[in-house]
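[1] model the structure of this input:
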Amino acid sequence: MQENNELDGGADLCSDSVLASIAQCLTDYLHTYGWNGQSCDVLRYLAEETESRLRQGKGVRFSTTAIYSAIRGNQAGDQSQWLSRIWNDLTSRIFSQREDGLKEFSRARGLHHYPWIAKVPSPGGAGNPALYHLEARPLPPKINLTNESPARDGIVSPRIHYIPELRPEPAWWLRWLFSQRYSGTGWRKWLGLLGPLVWILAFLGLLLVAGLVLGHDKAPLNAQHLTYFIFIIGTGAYALKLLREFGAFLDDHIALAPDFVVALREYGVCVELYRPIAAATGTPRALRLVRYAAKCPACGSQVLLERGEPDFPRRLVGRCQESPREHIFSFDRVSSRGYWLRGEELI
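    Sure, this is the predicted structure:
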């Protein structure tokens, strides 16, 4: 790459064509799967400005001042401290949450690398700032065990491709359970699976106590008895609901995560018994939190998993966030593919 002596320029290690492809990939990824916040703004700036500078033949490394000015304008503040906080968040929390999604998004575009960010530390001294840039990380080979083949006559080709867009944060009181890259293995997995059974047993215990109290009470029927009856019916119904949901989860290996399992800001999260498709058959499954997402081919909005009821009972379906009742897709967690269930005639 052409050397550039600007303060926020410089040579990069990969070819211009590879760098341009991963910059465009990151821009497209953030267009669909971006989030609100300055950390996303920094990523978007690096991706878009890298593309622009490559077209102009300029260097693609950026100083703290360049990034700060682009995001915050002329606001006064400690530029180094501001970017250091964001950079630490990007390289620790956000990267661990989104690495899988970036890999799958890049692989679906036919790339051999996926994008992320890197930093060249300052050598010290005045006029020698740290520089930030995109880097191309090689994609690991993917073993295809699904025997996928091109669409044949009479067979509808897949319309959307889901990616594990995010590894969501669990609720604060469950972080110890999902401590390994937001997944639980070994005894943590079994404790997570047995948790619903404990709740079911507790409800059944309360049901038994209420029944015994009611059976030994010889007083005439009164308002207290009515309260016990309502309690017994309500408790039994809720225990049965939990039992059915737990059975469905064991059958399907995936379900929408209850609200109390994930952090308050998370949405569209699933809990999944996951085993990599390339892993051996006997490899134990892990219990993980994940958010599957795709891009709607009709309007370009994000597609997230939701319950299929009432039209598609006992299914997880992909619903477009802009038109959740009309742009609906199937979801297969093995192939990560989805087909139109409703709305295909709109495009």
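[2] and the helix or strand that contains Thr27, what's its mean pLDDT?
    With elements taken from DSSP states H and E, the one containing Thr27 is helix 16-33. On average, the pLDDT along helix 16-33 is 94.
[3] model confidence over the strand ranked longest in the chain, on average?
    The longest strand of the chain (DSSP state E) is strand 286-295. Average pLDDT, strand 286-295: 91.
[4] report the buried residues of it.
    Of all the residues in strand 286-295, those buried under the rule 16 or more other C-beta atoms under 10 Å are 286-295. In this view, the C-beta of every residue, glycine as well, is placed from N, C-alpha and C.
[5] among the residues you listed, which one lies nearest to Leu304?
    Ala293 (5.6 Å; C-beta to C-beta).
[6] list the contacts of the most centrally placed residue in the chain.
    Nearest residue to the geometric centre of the chain (C-alpha atoms, centre = their mean): Leu166, 1.8 Å. Under the criterion of C-beta atoms under 8 Å, 6 or more residues apart in numbering, the neighbours of Leu166 are 33, 97-98, 101, 290-291, 293.
[7] of the buried residues of strand 286-295, closest to Ser330?
    Nearest member of the buried residues of strand 286-295 to Ser330, counting by C-beta to C-beta, is Ala294, at 11.1 Å.
[8] where does the residue nearest to His253 when sequence neighbours are not counted sit: helix, strand or coil?
    In space, His253 comes closest to Leu273 once its chain neighbours are excluded; the distance is 4.3 Å by C-beta to C-beta, 6 or more residues apart in numbering. Using DSSP: H, G, I helix; E, B strand; the rest coil, the structure places Leu273 in strand.
[9] what about Val303, how many residues nearby?
    29 (other C-beta atoms under 10 Å).
[10] same check on Leu346?
    Neighbour number of Leu346 under other C-beta under 10 Å is 12.
[11] contacts only, for it.
    298, 326-327.
[12] keep only those of those that are in strands.
    Counting by DSSP E, the contacts of Leu346 contribute nothing to strands.
[13] narrow those to just the buried residues.
    Buried by 16+ other C-beta under 10 Å: 298, 327, out of the contacts of Leu346.
[14] if we take the contacts of Leu346, which one ends up nearest to Val269?
    Scanning the contacts of Leu346 for proximity to Val269, where the rule is C-beta to C-beta, the winner is His327, at 20.5 Å.
[15] if we ignore the residues flanking it in sequence, what's nearest that closest one?
    Cys320 (3.4 Å).
[16] write down the beta-bridge partners of the one you found, one by one.
    Assessed by DSSP bridges, Cys320 has beta-bridge partners Val303.
[17] wait, it sits on Glu306?
    No. With contact defined as C-beta atoms under 8 Å, Cys320 does not reach Glu306; the gap is 10.3 Å.
[18] and stretch 104-115, how far from the chain's centre?
    In terms of C-alpha atoms, centre = their mean, to the nearest Å, the centre of stretch 104-115 is found 17 Å from the chain centre.
[19] how about the CA coordinates for that stretch, as CSV?
    Taking C-alpha atoms only, stretch 104-115 is exported to CSV below (Å, rounded to 0.1, in the frame of the first residue of the first chain):
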residue,chain,number,x,y,z
GLU,A,104,-20.8,-15.6,9.7
PHE,A,105,-21.7,-12.4,8.0
SER,A,106,-18.4,-12.2,6.2
ARG,A,107,-18.5,-15.9,5.2
ALA,A,108,-22.0,-15.4,3.7
ARG,A,109,-20.5,-12.7,1.5
GLY,A,110,-17.9,-15.1,0.2
LEU,A,111,-14.9,-13.5,2.0
HIS,A,112,-11.9,-15.2,3.4
HIS,A,113,-11.4,-12.6,6.2
TYR,A,114,-13.6,-10.8,8.6
PRO,A,115,-13.1,-7.2,9.8
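[20] pLDDT (mean, whole number) over it?
    Stretch 104-115 comes out at a mean pLDDT of 93.
[21] show me what that stretch is in contact with.
    For stretch 104-115, using C-beta under 8 Å, 6+ apart, the contacting residues are 14, 18, 21-23, 25-26, 28-29, 33, 47, 102-103, 134-139, 142, 161, 163-164, 336.
[22] what subset of those is buried?
    14, 18, 21-23, 25-26, 29, 33, 47, 102-103, 134-137, 163-164, 336.
[23] apart from its neighbours in sequence, what residue is nearest Ile22?
    Pro115 (3.8 Å).
[24] need the strands for the stretch 151-300 of the chain, in chain order.
    160-161, 163-166, 183-184, 254-256, 270-274, 286-295 (DSSP state E, counting those that start in this stretch).
[25] same question, the stretch 1-150 of the chain
    Counting by DSSP E, counting those that start in this stretch, the strands of the stretch 1-150 of the chain are 62-63, 113-120, 131-138.
[26] which of the residues in the second one are buried?
    Across strand 113-120, burial judged by 16+ other C-beta under 10 Å covers 113-117.
[27] want to try a markdown table for those, with distance to Pro258 as columns?
    As requested, those are exported to a markdown table (distance: C-beta to C-beta, whole Å):
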| residue | distance to Pro258 |
| --- | --- |
| His113 | 37 |
| Tyr114 | 32 |
| Pro115 | 34 |
| Trp116 | 32 |
| Ile117 | 34 |
